[in-house]
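In: The sequence and its predicted three-dimensional model are supplied below.
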Amino acid sequence: MTTAPLLHVDGTHLKDPNGNIVTLKGMALDYDEAMVFGNMLPSATISYMKQWGINAIRIPLGSQDGNGNWIVANRYSSNILFGGKTYMQVLDDTINTALSNGMYVILDGWHGGADINYFTSQTWSDWVTWWTTVAQRYAGKGIIYDLMNEPINWDYADHQSRIMSMISTIRSYDSSSINMIEMLDWSFAYQASNPITGTNLVFSPHCYADTFAVDQTSIRNWFNSYAANLISQGLCIVIGEFGGDETVPPKYGGYNSPSSCTWIQNFLTVCDADGRAGYSAWWWTGAWQNNTTLNNDWYGANRNASGAVIHDYYLSFQPTIPWSEYFANLNAWTIVDGTWTLISGGVQGTGIEEALMYAGNPTWTDYAITAPITISAAGEGSIVFRYKDSQNFYWAGLGLWGHQFSISKVVNGNYSEIKGIGLSTDNAAGTYNTQVIVQGSDIELYVNGVLVLTATDTALTSGAIGLRTFGSTMQLKSVNVTTPITPTYFINWAITPVSGNLPFTVNFSGYLSRYSNTPDAGTIVNGETIQLQVLSPGSSTWVNTYVIATTGPGTSGNGYFSGTWGLAEPRIYPGPWQFRAYYAGNTTKYLLGCGKPQKTRDLSRVNALIL
C-alpha cells in the first residue's frame, strides 16, 4: 500500500517532513457507501476531488449494520459485500486510492452517536479490537486516526481515560501516528482542567451554520468562544466536520440556503486567517440522491448551493503558474491509467494501452509546458494539456498515431489527431526536450528548441497538465509550467540587395504574424516602434540592426513595418541568420524569441548576389 507523506504536529500546525505547513482541505465520505455498494471510493471520484483542490478525505465508518448490530466485530470478517470484496478489502482499496494520489486520509473508525451504548463491555472490546487491527494494518502509512466521533454518551472523565488508553494501543503499532480527538462543547472545559496530553494530537470540533452569525467577525467571536479552551492551550485544531445547518427554517433552511452558504464562505475564510490546521466538509456522496449532500453524484456534479461555495473555495488552493515538478514523489499527481513509478531522479510511465496522469490547476488557460521526455526507438511520449477529465484533453509529443510529431485531442470520448508529421520510426531512442505552448486556440509543439507543429483548435479552453504514453514507456525528470511569451509572433519579411559594396544595406519590410501568410489584425498597436536584432552564423551575441521600424496599417490589418538594414560586417557569413524584434524601450518584451525556423533566413543567396 502506498504511503502518504507523514505529517507531524508542531504547535497549532500540521507540517510535512520538510517543515512546510500543511492545511487539510477535506471532504467526508458517506459511511453507508461501503456497506451498500462495496465500492466506497472509485478512482474517478478522487480525480474530481483533486480538481476541487481537496487534499484529504475523512472516512466515517458506519455505526450499525442493517440489523442494528454494532458492525466493528464483522468488519474484518470474510463476509462478501455487494462489490464482491470483504469490508476490509474495500477499505484497503479506498485508502490506497487516496494515498496513491497524494491525499491524506482521516479514518473515523467509530462514527456513532447517542444510539450507541458506549458503556457495555462488548462495545469497548469491539473498539479496542478495531483500532488494534487498523493500527497493525496501516502502520507507517500516514493515516490520521479519528478515535471517537461525537462521544455523546460518555462522561468526560471516562472518555478521557479511554481515549488515552486507545492512543497508547495505537502507538504501540504505529508510533508516529497522528490521533484526532473529537470534542463537544461540554468536553472543552474538562480538557482545560484535565487535558489529554501527548505528541501528535489534533483536536476536532464540529461546526455547522446553526447560529445567526454570518459575518466574519461574528463567526470568529462565536468560534473563539466555542473552542476557547482549545485555543487558549495552543492546540492543533482540525474541524472534523463543517457545513450548512441541517434544520428547517427559521434557522438557515438546509444546505441550499443562501445564508448558510454565506456562513460557509466566511467560516472558511476565518479558519485560514486564524491558522486552523484543516477542515472537512460533510459530505461527498453517491448513495443518497437528495439535497442534504454537497454532491448528489460521485463526480462532483449537481452541486447544491453549499457545495458550489466549498468547490470554489477549495479550488482557490490549486497551484499557480509558474509551477515545477522534479518527482521527489507523486503526491501532486492523479494517476488515471497505466503504471507510474518513481525512478532515479524522475518518473516512468508504462501502459499496455494508455498510461496517463495529470496535475496542476483545472482553471489554467494559457501556458507553456516543458518536459525532457525519454523514449525508446519509435516509442511514444507526450505532454497533456487543458485536461478536464479522462474524456476531454489535448496531448502533443512524440510517436502519436504512428507519426514522428503529433498534436491530438479527445473530446467527449472521441479521439482524433489534429495534426501529425513524419513517421514514429524517425525517432531514435533518446531524450527529447519537448515543449507545448497553448494560447487561446493556438497550439505550438517544440522539440529540442525547434517548432515542429502548429495547430488551431477551440474545443477546450482550460484545464490541468499531464503526461501520457500508449502501449509504450516514457521517462522524464522534470515538468515546468510557465506563462507563455506574449505575443508569440514571428516576422515575415523581404530582403532586397541595394549595393554590392561592403558594408552594404538592404531594404527591409514585413509584418508580424502567427502562422499564416497574412498579418494578424491587432497583433501590435498601429504606430508601435520596434527594434530588430540579428544573430549572425557562428556568433553568440545578438546585436541591434539599423532597423528601428514603425508598424503601420496594411491591407489586411495592423502589423506591418518597414526600414533599412545596414550590415556593418566585412563579409556576409553564409548560413542561417536569426532575427528577433522587441518593442523599443522594452528589451524584455520580445515579439518573437530565438531559434524558431520562422526566424531564420539563409543569406547565402544574398551573398552571391552582392559579391
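Out: Nice, thanks for sending it over.
In: ranges for the helices of this structure?
Out: For the chain, applying DSSP state H gives helices covering 32-37, 43-52, 72-75, 87-100, 121-138, 156-171, 185-193, 216-226, 228-232, 258-273, 305-315, 604-610.
In: okay, now E354: neighbour count?
Out: Residues near E354, counting by other CB atoms under 10 Å, number 15. C-beta coordinates here come from the backbone N, C-alpha and C atoms, glycine included.
In: Kindly report the same for N194.
Out: Neighbours of N194 (other CB under 10 Å): 11.
In: Kindly report the same for the one 5 residues further on.
Out: T199 has 11 neighbours, counted by other CB under 10 Å.
In: Also N295?
Out: By other CB under 10 Å, the residues close to N295 number 23.
In: Contact partners for it?
Out: Neighbour list for N295: W284, T285, G286, A301, N302, R303, G307 [criterion: CB atoms under 8 Å, 6 or more residues apart in numbering].
In: which of the residues you listed tops the neighbour count?
Out: W284 leads the contacts of N295 on contacts (other CB under 10 Å) with 28 neighbours.
In: if I look at the residue lying closest to that one once chain neighbours are set aside, how far off is F242?
Out: Leaving aside its chain neighbours, W284 sits nearest to M27 (4.5 Å; criterion: CB to CB, 6 or more residues apart in numbering). For M27, the distance to F242 equals 11 Å [CB to CB, to the nearest Å].
In: Mind checking which of those two has more residues around it?
Out: The neighbour comparison of M27 against F242 (other CB under 10 Å) goes to M27, with 26 against 22.
In: if I read this right, the more buried one contacts L294, doesn't it?
Out: Yes. At 7.5 Å, M27 and L294 qualify as touching, with contact defined as CB atoms under 8 Å.
In: list residues touching both of those two?
Out: Common neighbours of M27 and L294 (CB under 8 Å, 6+ apart) are A281, W283, W284.
In: shared neighbours, M27 and F242?
Out: Looking at what touches both M27 and F242 (by CB under 8 Å, 6+ apart), the common residues are S280, A281.
In: which stretches of the stretch 501-611 of the chain have low pLDDT?
Out: By pLDDT under 70, the weakly predicted segments of the stretch 501-611 of the chain are 501-538, 542, 545-611.
In: try it again with 50
Out: Within the stretch 501-611 of the chain, the stretches with pLDDT under 50 are 501-508, 512-524, 554-559, 565, 567-572, 585-611.
In: Which pLDDT value goes with R171?
Out: Looking at R171, its pLDDT stands at 94.
In: can I assume it is in contact with S177?
Out: Yes. Counting by CB under 8 Å, R171 touches S177, with 6.4 Å between them.
In: quick one: which of these two has more around it?
Out: S177 (21 against 17).
In: ok, now which ones touch the more buried one?
Out: A135, A139, I143, I144, Y145, I170, R171, N200.
In: what does G399 give?
Out: Applying CB under 8 Å, 6+ apart, the residues contacting G399 are I375, A378, G379, E380, G381, S382, S406, S424, N427, S472.
In: who does the residue nearest to the fifth one when sequence neighbours are not counted bridge with?
Out: Ranked by CB to CB, 6+ apart and with sequence neighbours excluded, the top spatial neighbour of G381 is M474, at 3.4 Å. In this structure, M474 has beta-bridge partners G349, I375, where bridges are defined by DSSP bridges.
In: Mind checking which of the contacts of N295 land in strands?
Out: Counted as lying in strands by DSSP state E, out of these, are W284.
In: Let's have the contacts of N295 in a markdown table, adding pLDDT and distance to N331.
Out: As requested, these are arranged in a markdown table below (pLDDT from 0 to 100; distance: CB to CB, whole Å):
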| residue | pLDDT | distance to N331 |
| --- | --- | --- |
| W284 | 84 | 20 |
| T285 | 75 | 25 |
| G286 | 67 | 25 |
| A301 | 80 | 26 |
| N302 | 82 | 29 |
| R303 | 83 | 26 |
| G307 | 85 | 25 |
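In: just the contacts of N295 now: which is nearest F327?
Out: W284 (29.1 Å; CB to CB).
In: Tally up the residues packed near N480, please.
Out: 16.
In: now it: how far from F327?
Out: 12 Å.
In: again with V128
Out: Per CB to CB, V128 is found 41 Å from F327.
In: Looking at those two, which has the bigger crowd around it?
Out: Per other CB under 10 Å, whichever of V128 and F327 has more neighbours is F327, with 18 against 15.
In: Confirm for me that the more buried one is in contact with G346.
Out: Yes. Using CB under 8 Å, F327 is in contact with G346, at 5.3 Å.
In: shared neighbours of those two, which are they?
Out: Counting by CB under 8 Å, 6+ apart, the common neighbours of F327 and G346 are K477, S478.
In: coming back round to it: looking at the helices of the chain, spot the one closest to A368.
Out: A368 lies closest to helix 43-52 among the helices of the chain, at 21.6 Å (CB to CB).
In: Remind me what that closest one packs against, helices and strands.
Out: helix 87-100, helix 305-315, strand 334-337 (3 or more CB pairs under 8 Å, 6 or more residues apart in numbering; DSSP states H and E).
In: elements contacting the first one?
Out: What it means is helix 87-100. Packed against helix 87-100 by the contact rule (3+ CB pairs under 8 Å, 6+ apart) you find helix 32-37, helix 43-52, strand 56-60, helix 72-75, strand 104-108, helix 121-138.
In: Dump those to CSV, plus distance to N331.
Out: Converted to CSV, those look like this (distance: least, CB to CB, whole Å):
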stretch, distance to N331
helix 32-37, 25
helix 43-52, 11
strand 56-60, 12
helix 72-75, 28
strand 104-108, 10
helix 121-138, 18
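In: Return the most buried member of those.
Out: Among the helices and strands packed on helix 87-100, strand 56-60 has the highest mean neighbour count (mean count of other CB atoms under 10 Å), at a mean of 26.
In: Within the sheet, what are the partner strands of that one, with directions?
Out: Counting by DSSP bridges, the strands paired with strand 56-60 are strand 24-29 (parallel), strand 104-108 (parallel).
In: Nearest to Q391, out of these?
Out: Among these, the nearest to Q391 by CB to CB is strand 24-29 (22.9 Å).
In: nearest residue to W401 other than its sequence neighbours?
Out: Closest to W401 by CB to CB, 6+ apart is E417, at 4.7 Å.
In: From Y367, how far out is the spatially closest residue to H111 that is not a sequence neighbour?
Out: Spatial nearest neighbour of H111, excluding adjacent residues (CB to CB, 6+ apart): P60 at 3.8 Å. Here the criterion is CB to CB. By it, P60 lies 38 Å from Y367.
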